[in-house]
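*Asks:* Here's my sequence, what's the structure:
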Amino acid sequence: MANFIKINPADNVIISLKNFSEGETIQVNEQELNLKSDVPRGHKIALNAISENEDIIKYGAPIGHALQNIEAGEHIHVQNLKTNLSGTINYSFDQNLNELSIERSNRTFQGYKRSNGKVGIRNELWIVPTVGCVNGQAQQIVDMFKQEVNPVDIDSVDVFKHSYGCSQLGDDHVNTQKALADVINHPNAGGVFVLGLGCENNQIDHLKKFIGDYDESRVRFLAAQDVDDEIEAGLEIMKEIYEVMHNDKREDVPISELSIGLKCGASDGLSGITANPLVGAFSDFLVAQGGATILTEVPEMFGAETLLMERAQNKEVFDKTVSLINDFKDYYLQHDLPVYENPSPGNKKGGITTLEDKSLGCTQKGGTATVMDVLKYAEPIKTKGLNLLSAPGNDLVASSALGFSGCQMVLFTTGRGTPFGSFVPTMKISTNSDLYNRKKNWIDYNAGQLLEGKSMEEVLEEFVDFLIEVASGKQLNHEKTGFKEIAIFKTGVTL
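*Replies:* Numbers count the residues shown, from 1 in each chain. Sure thing, here's the model as predicted:
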């Protein structure tokens, strides 16, 4: 196993793959680098002398500029590197498409075909509260249902609590209604009980307008204020839905029916070297099979957005991508917040210094395929291939948004680890073997193998097999622990 990696021939930095100590010597081809300080794993080391204000190049692109003269062998991080990003940018359409040279396969998974033509990878029974006021009642109904019925022949019974549905105005109120309607319509649900209060802004009759057509035997509604005992009435409704759905069977479905969300969080300096490129390779593979992937985390596209814009299938998609980026920048500016100060303390500890550093690694999850469409928040996916989605970088908000848009599963790469799970299966993919071995109760797949002698082709083949197992019913770690939540994006005031 190598101790460092140079990602792109144009780079003037290498990335440490182990913890180095001050005074150690690294042999880089015929060059010897004497380290000027300790360098943690995942961090950057100057490959040659870099002058003050000169660009630092990683992934073959600038990730910022030197704040001072930097010697060869010096640790490059927050003390001597600053972002190049500032203000807004005028973009031009300069298309540069990549043709995927990936063969079509006949791979299938075991899924649930729904009457509306959608396919689920789980058969679950859900309670969706219209408003946070009835979260407790919903939980009580779920607990009693599990005790009385013991529903072992379906995948899960869950309530997706949230704090919204009332005291919201404008876009926030509409986003809540769209998001909840998306959950109700999601193909991973074999049945849904929608529990309202009765006096909330998000009235059941209003919500139904966002839901559209639905199977009345599988989607049922109740306003708690309309009955004497909402627990008893709700429990009876749950039993009736269960009788309709619990005999649903898995059957062979082509993988072209998969829509997979792409997300990263708690990233480190290895994210753009192992896990994100693996997910990008998978995205290209699935797109080549006729499936769909969705890339989000718009603030973590800043600094790498032009790489996505030049892959837009046409001028219309390019214009939608420009709006996607600029609308989020305007959102920051309207709140008098800095646009480009993104990397978190954990990111920085793991070796990510600037937003360009983070974004150039983050966007690799989208592979190299053509961008086919750009979705607004909570907008259902309509187009096969690679899609972009408007949502923030927050892990639970963005992962939920991917589910709202119709993803049956989210691939979540991480260098530092996290135990959370969204309302759809959320696969944790570690960037390094150390995290995988320490947190096997969190991490589902180890992309760190890419640093240990395995080729991308080998790991991708293994990963596709594993993903098909999960799509066919194999539980992920957060499903085993029951850590499943939704989070709805909020931008405005609360009354």
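*Asks:* And for the top helix by length along the chain, what's in contact with it?
*Replies:* Selection of the longest helix in the chain by residue count, based on DSSP state H, yields helix 315-334. Helix 315-334 is contacted from outside by 88, 91, 93, 95, 298-299, 301-302, 305, 308-309, 312, 338-339, 371-374, 388, 390, 392, 491, using CB atoms under 8 Å, 6 or more residues apart in numbering. All C-beta atoms are positioned from the backbone trio N, CA, C, and that covers glycine.
*Asks:* does residue 63 belong to a helix or a strand, and which?
*Replies:* Secondary structure from DSSP states H and E places residue 63 in strand 61-66.
*Asks:* That strand pairs with which strands, parallel or anti?
*Replies:* In the sheet, strand 61-66 lines up against strand 55-58 (antiparallel), strand 81-82 (antiparallel) (DSSP bridges).
*Asks:* what does the first one rub up against?
*Replies:* The set of residues external to strand 55-58 that reach it, using CB under 8 Å, 6+ apart, is 7-8, 10-13, 15, 44, 50, 62-66, 76, 81, 84, 357, 360.
*Asks:* SS state for residue 110?
*Replies:* Here residue 110 is recorded as strand under DSSP: H, G, I helix; E, B strand; the rest coil.
*Asks:* Residue 176 too?
*Replies:* Secondary structure state of residue 176, per three-state DSSP, is helix.
*Asks:* Same question for residue 470.
*Replies:* Per three-state DSSP, residue 470 ends up helix.
*Asks:* what would the strands paired with strand 61-66 look like in CSV with mean pLDDT, mean neighbour count and distance to residue 179?
*Replies:* Output for the strands paired with strand 61-66, formatted as CSV (pLDDT from 0 to 100; neighbours: other CB atoms under 10 Å; distance: least, CB to CB, whole Å):
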stretch, mean pLDDT, mean neighbour count, distance to residue 179
strand 55-58, 98, 22, 36
strand 81-82, 96, 18, 37
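*Asks:* Which one, of those, ends up nearest to residue 276?
*Replies:* strand 55-58 (13.4 Å; CB to CB).
*Asks:* quick one: average pLDDT of the longest helix of the chain?
*Replies:* Average pLDDT, helix 315-334: 95.
*Asks:* list the buried ones in the next helix or strand after that helix?
*Replies:* Moving toward the C-terminus from helix 315-334, the next helix or strand (DSSP H and E) is helix 345-349. Within helix 345-349, the residues that count as buried by 16 or more other CB atoms under 10 Å are 346-349.
*Asks:* I'd say residue 175 and residue 404 touch.
*Replies:* No. The criterion here is CB atoms under 8 Å, and residue 175 misses it with residue 404 at 9.3 Å.
*Asks:* what do these two both touch?
*Replies:* 377-378.
*Asks:* Between these two, which has more neighbouring residues?
*Replies:* Counting neighbours by other CB atoms under 10 Å for residue 175 and for residue 404 shows that residue 404 has the greater number, 32 against 22.
*Asks:* Leaving out the residues flanking it, which one is nearest to that one?
*Replies:* Closest residue in space to residue 404, ignoring its immediate chain neighbours: residue 182 at 3.9 Å, by CB to CB, 6 or more residues apart in numbering.
*Asks:* got it, and residue 489?
*Replies:* Using CB to CB, 6+ apart, the nearest residue to residue 489 is residue 397, at 5.4 Å.
*Asks:* The one you found sits in which helix or strand?
*Replies:* Counting by DSSP H and E, residue 397 is part of helix 395-404.
*Asks:* Filter the contacts of helix 315-334 down to just the buried residues.
*Replies:* 91, 298-299, 301-302, 305, 308-309, 312, 339, 371-374, 388, 390, 392.
*Asks:* Just the CA trace of stretch 415-435, in CSV.
*Replies:* Extracted in CSV, the C-alpha atoms of stretch 415-435 (Å, rounded to 0.1, in the frame of the first residue of the first chain):
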residue,chain,number,x,y,z
GLY,A,415,-14.8,9.7,5.9
ARG,A,416,-15.6,10.2,9.5
GLY,A,417,-18.8,8.3,9.9
THR,A,418,-22.4,8.9,11.0
PRO,A,419,-25.2,6.7,12.2
PHE,A,420,-28.2,8.5,10.8
GLY,A,421,-30.6,7.2,8.2
SER,A,422,-33.2,8.9,6.1
PHE,A,423,-36.7,7.4,5.3
VAL,A,424,-35.3,5.4,2.4
PRO,A,425,-32.4,2.9,2.8
THR,A,426,-29.2,5.0,3.3
MET,A,427,-26.0,3.1,2.5
LYS,A,428,-22.9,4.3,4.4
ILE,A,429,-19.8,3.9,2.3
SER,A,430,-16.5,4.6,4.2
THR,A,431,-13.6,6.3,2.5
ASN,A,432,-11.1,4.3,4.5
SER,A,433,-10.7,0.9,6.1
ASP,A,434,-10.0,2.2,9.5
LEU,A,435,-13.5,3.8,9.8
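*Asks:* Show me which residues of that stretch are buried.
*Replies:* By neighbour count on 16+ other CB under 10 Å, the buried set for stretch 415-435 is 415-418, 420-433, 435.
*Asks:* ranges for the helices of this structure?
*Replies:* Under DSSP H, the chain gives helices at 135-149, 170-184, 204-211, 230-245, 275-288, 305-309, 315-334, 345-349, 355-362, 395-404, 433-438, 456-471, 477-481.
*Asks:* can you redo the ones you listed as TSV with distance to residue 162?
*Replies:* As requested, those are exported to TSV (distance: least, CB to CB, whole Å):
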stretch	distance to residue 162
helix 135-149	8
helix 170-184	8
helix 204-211	13
helix 230-245	17
helix 275-288	28
helix 305-309	30
helix 315-334	21
helix 345-349	26
helix 355-362	27
helix 395-404	9
helix 433-438	30
helix 456-471	26
helix 477-481	18
